[in-house]
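>>> sharing a model that was predicted from the sequence below.
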Amino acid sequence: MITSKELKNKFIEFFKKKDHQEIDFSPLIPENDPTVLFTTAGMHPLVPFLLGQEHPLGKKIVGNQICIRTTDIEEVGDKTHFTFFEMLGNWSLGDYFKKQAIEYAFEFLTNKEFGLGLLKEKLAFTCFSGKEKIPKDQDAFDFWKEIGVNEKRIAFIEDNWWGPVGNTGPCGPDSEIFYWTSKEEVPETFDPEDDRWVEIWNLVFMEHNKKQDGELEPLNQKNIDTGFGVERVTAILNNQDDVFFTEKLNSILRFVEKLSENPINQANLSSYKIIVDHIRTSTFILGDDRAIIPSNVDQGYVLRRLIRRAIRHGTMLGINTSFVSKVSEKIIENYKEEFPHIQKNKTFILEQLTKEENRFKETIVKGLSVFYKVIEYKEEISAKNAFLLYQSYGFPIEMIVEIAKENNKQVDVDGFYKEYEIHKKLSRQGAEKKFKGGLSDHSENTKKLHTATHILNQALREIISSDIKQKGSNITSERLRFDFNFSRKLTPEELKKIEARANEVINKDMIIEKEMMPLKEALESGAQSEFGARYPEKVWVYTIGDFTKEICTGPHVQRTSELGYFKIVKEQSVAAGVRRIKAVLE
Ligand code: GLY
């Protein structure tokens, strides 16, 4: 038996021996990439460094990152999928490339002393077959062969491409490593369609940058980015064919089983898995220092959807009492050693889960009976009925579609969004975007708005109060959104003054410079930091002329005159003691 903790240690120690520096995990709610909802991969917090910025710890990095991928939500319940997972990776930021990455991976997997000691006969590989203008990755094929892999075990696939995280950014062909998980004899020729071969590691050869217009340009440096799913490999190493049977998750499944008094069987197993997965993801979202709470927008909506889906599956299993916070407590118990922040935020996590469960419980029973009546008499759930279930009974639209599907009915989803738009003035695009779990965008406009955010932050501190600190930020290519601590509404005069000060700075054509320094020195020098954020020991500090200084990973524009005219479009409250400003550049 190997535990997931032992596996993580092995991976990290192996790469440390190869001169990699270990990085701590970044928060699940991205810190320096305000354009995305969640961290979706280990490379995600490293994007600025893949684009060429110097990393404080050097060019060779290893680490374990907690990630959320809401795109996989429908898959949860099978043997391999999660919405939350831990991903190990090794990264070369313009240092070694394909050959060395392949050699390291092969050595780690097969070496008995320093690695996992897997049999090379049980491994298989895919390489990029080429697509449109990008040629076939013959090099990767040749390197695997050179290292001793039988060519029958290497397949070329068109899908072998990874990134960018959102619409733009670093990306490239990849090579995936598969492991034979069946007790049956390993076939000589590798068939990637045969699901007894399970993917365990993805090596991405990041040498392209996808631009706003969709074209690829070569990156200034060639990078390696790898992704290695911790639980998936732990299961494989222990000859378990289901990730939910690994030590930590299995004990949570059994805990839920006791609560339901309904023994786990093949028919109800997927509901158990959905409960465990969704409450684990919710626990980690609530455990993030950003203090996200269930709501109808952004991360808060994803959180609400996960909690409510877990509750519905609890109802299906006959759990009649409140159970979400109990399961979360068990999750915190199992994960607190490796992730102490969830223990630290335990009271908040349990409080929020209980509140949300009570809110939904009030309406779910009634809502379900309305639902079944609608289903009984109607061929399709109309937009109006879907919206009623959403608004009056709190059913997320995805849950409405899911229940309808279980009963072989359709939902007028387009019509629902029209209703939604009328009522909430929120475009469908906005609502759909939320579930992609990542919209990273490094376009010029986003960069400009990011610089404008630093200017706004300082203008607020100058004009309103020097106690103001950033509490959150979200930037799209169209607008910036900035949250800060302050207890009352700003007056129109104050907003005008802030705007005027920001435009004054922009017109002074100040130069934006960055410098790397130890965190302590950065803080002592007066650099702004974000409320509640965790920072590494060495950080980048961005200064805008003599106006402001902030700890930030970037990217930013070079001169303030690139920004144009700064305009505040809204100022509102988002929570007790937290205000929000939305602004644009014209
Ligand atoms: N970034 C590589 C992966 O997630 O597979």
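Arrived safely.
>>> so how many other residues sit close to residue 320?
Applying other Cβ atoms under 10 Å, we find 11 other residues in the vicinity of residue 320. Every C-beta, even on glycine, is put in place using the N, C-alpha and C of the backbone.
>>> please renumber the chain so that the first residue is 70 from this point on.
Yep, numbering from 70; the last one is residue 389 now.
>>> next, it: secondary structure please.
Here residue 389 is recorded as coil under DSSP: H, G, I helix; E, B strand; the rest coil.
>>> what do you get for residue 650?
When the rule is three-state DSSP, residue 650 gets the label strand.
>>> check contacts around the nearest residue to residue 528 once chain neighbours are set aside.
The shortest distance from residue 528 to any non-neighbouring residue, by Cβ to Cβ, 6 or more residues apart in numbering, is to residue 570 (4.4 Å). Residue 570 is in contact with 528, 531, 532, counting by Cβ atoms under 8 Å, 6 or more residues apart in numbering.
>>> which of the residues you listed are buried? Put it as a PyMOL command.
Applying 16 or more other Cβ atoms under 10 Å to the contacts of residue 570, the buried members can be selected in PyMOL as follows:
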select buried, resi 528+532
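>>> related to what we said a few turns ago, tell me the secondary structure for the residue nearest to residue 528?
Residue 570 - assigned by three-state DSSP - is helix.
>>> distance of it from residue 581?
17 Å (Cβ to Cβ, to the nearest Å).
>>> flag every buried residue along stretch 611-630.
Buried residues in stretch 611-630 (16+ other Cβ under 10 Å): 611-613, 616-626, 628-629.
>>> so which of those belong to strands?
Mapping the buried residues of stretch 611-630 onto strands (DSSP state E) picks out 611, 612, 613, 617, 618, 619, 620.
>>> so what pairs up with the third one in the strands?
So the one you mean is residue 613. Beta bridges link residue 613 to residue 581, residue 617 when assigned by DSSP bridges.
>>> and it, what's its pLDDT?
pLDDT recorded at residue 613 is 95.
>>> now residue 197: how far from the ligand?
14 Å (Cβ to the nearest ligand atom, to the nearest Å).
>>> including distance to the ligand, could the ones in strands among the buried residues of stretch 611-630 go into TSV?
Shown next, in TSV, are those (distance: Cβ to the nearest ligand atom, whole Å):
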residue	distance to the ligand
611	26
612	32
613	32
617	33
618	32
619	28
620	25
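>>> can you pull the residues of the stretch 270-419 of the chain lying near the ligand?
Within reach of the ligand by Cβ under 6 Å from any ligand atom, the stretch 270-419 of the chain has these residues: 271, 273, 294, 296.
>>> ranking by neighbours, what's the top pick from those?
residue 294 leads these on contacts (other Cβ under 10 Å) with 29 neighbours.
>>> these two touch, right, it and residue 276?
No. The pair residue 294 / residue 276 is not scored as a contact, 10.7 Å apart, by Cβ atoms under 8 Å.
>>> quick one on the thing from earlier: which one of the ones in strands among the buried residues of stretch 611-630 is nearest to residue 375?
residue 620 (31.2 Å; Cβ to Cβ).
>>> all strands for the stretch 370-519 of the chain, in order.
449-450, 479-480 (DSSP state E, counting those that start in this stretch).
>>> okay, these in a markdown table with distance to residue 394 and mean neighbour count next?
Output for the strands of the stretch 370-519 of the chain, formatted as a markdown table (distance: least, Cβ to Cβ, whole Å; neighbours: other Cβ atoms under 10 Å):
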| stretch | distance to residue 394 | mean neighbour count |
| --- | --- | --- |
| strand 449-450 | 32 | 20 |
| strand 479-480 | 31 | 17 |
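>>> who are the neighbours in contact with residue 398?
Counted by Cβ under 8 Å, 6+ apart, residue 398 has contacts 415, 419.
>>> pLDDT at it, what is it?
For residue 398, pLDDT reads 98.
>>> for it, give its distance to residue 279.
With the distance defined as Cβ to Cβ, residue 398 ends up 43 Å from residue 279.
>>> same question, residue 175
29 Å.
>>> what separation do you get for the residue lying farthest from the centre of the chain and the ligand?
The centre of the chain is farthest from one residue, residue 446, which by Cα atoms, centre = their mean lies 40.5 Å away. Counting by Cβ to the nearest ligand atom, the gap from residue 446 to the ligand is 46 Å.
>>> do the same with residue 82
Distance from residue 82 to the ligand, by Cβ to the nearest ligand atom: 21 Å.
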